[in-house]
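A.B. asks: mind folding the following:
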Amino acid sequence: MNTMHSRALLTSLLLFAGAAHAEPYMGAEYQHLSGTRSQQTYNTSQMNVVVGYEWPLAADFKHAVEYTGPISSSTGQLGTQNVETTLMTLGYKLTYAGFYGKVAYVKLDRDDADLEQTKDRAVMSSIGYEHALDDTTTLRISRDKLRSSVISVSGFSVAALFAF
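C.D. replies: Numbering: from 1, shown residues only. This next block holds a predicted model:
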């Protein structure tokens with residue numbers, strides 16, 4: 001019983017110590033993707049809010065959990081139709097000296113008929129670079145790819161992130 005309390009206390013202290021070095025951040029991102037969706041030409045752009053929590057692993061290494069979601073409606077073109085398809089992502093990011101890779105689970109909105117009839121989930125992968133302007137402000141650019149049984153798009157995103 002005493003050993004169990006010691007382990008629980010040690011685990012709590014390690015989590016608290018890790019949290020003391022963790023950095024929450026928030027920002028805005030512009031994302032543009034193009035490719036195919038339901039075998040038609042597809043383009044979409046949207047403004048996102050970015051919310052993340054980052055922990056250092058070692059010198060120059062960090063990892064983070066990050067959510068992105070729409071701030072406003074997307075602009076999109078599916079073939080000749082105007083469509084809105086917002087993307088919400090939850091992902092894991094690993095950073096080394098500003099360069100990063102991210103893998104995310106994506107939820108596409110369900111307002112469009114082609115997504116209603118198929119799976120509206122996908123996987124997104126991103127590679128990019130983050131440049132810290134100071135201790136609280138970071139600029140980011142990335143190359144993004146999104147794939148599922150219905151959609152195959154790639155593009156870019158740019159973001160301004162603010163640590164607090």
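A.B. asks: residues contacting residue 90?
C.D. replies: Applying C-beta atoms under 8 Å, 6 or more residues apart in numbering to residue 90 gives the contacts 65, 66, 67, 104, 105. Backbone N, C-alpha and C define where each C-beta goes, glycine included.
A.B. asks: equivalent analysis for residue 139, please.
C.D. replies: Residue 139 neighbours (C-beta under 8 Å, 6+ apart): 130, 131, 133, 158, 159, 160, 161.
A.B. asks: next one: residue 133
C.D. replies: residue 139.
A.B. asks: that one and residue 162, how far apart?
C.D. replies: Per C-beta to C-beta, to the nearest Å, residue 133 is found 10 Å from residue 162.
A.B. asks: do residue 150 as well
C.D. replies: Distance from residue 150 to residue 162, by C-beta to C-beta: 35 Å.
A.B. asks: got it, and residue 105?
C.D. replies: Look at residue 105 and residue 162: by C-beta to C-beta, they are 24 Å apart.
A.B. asks: returning to that earlier point: tell me which of the contacts of residue 90 fall in strands.
C.D. replies: Counting by DSSP state E, the contacts of residue 90 place 65, 66, 67, 104, 105 in strands.
A.B. asks: ok so, going back, ok, the contacts of residue 90 vs residue 43, which is closest?
C.D. replies: Minimum separation from residue 43 among the contacts of residue 90 (C-beta to C-beta) is found for residue 104, which lies at 20.2 Å.
A.B. asks: tally of neighbours for residue 47?
C.D. replies: Neighbourhood size, residue 47 [other C-beta atoms under 10 Å]: 14.
A.B. asks: leaving out chain neighbours, which residue sits closest to it?
C.D. replies: Leaving aside its sequence neighbours, residue 47 sits nearest to residue 71 (C-beta to C-beta, 6 or more residues apart in numbering; 4.4 Å).
A.B. asks: roughly how far apart are that neighbour and residue 29?
C.D. replies: From residue 71 to residue 29 the distance is 9 Å (C-beta to C-beta).
A.B. asks: now do the shared contacts for the two.
C.D. replies: 47, 48, 49.
A.B. asks: which element is the first one on?
C.D. replies: The one in question is residue 47. For residue 47, the element it lies in under DSSP states H and E is strand 40-58.
A.B. asks: which strands or helices does that strand pack on?
C.D. replies: Helices and strands touching strand 40-58, as assessed by 3 or more C-beta pairs under 8 Å, 6 or more residues apart in numbering; DSSP states H and E, comprise helix 2-21, strand 23-37, strand 61-70, strand 75-78, strand 87-96, strand 151-163.
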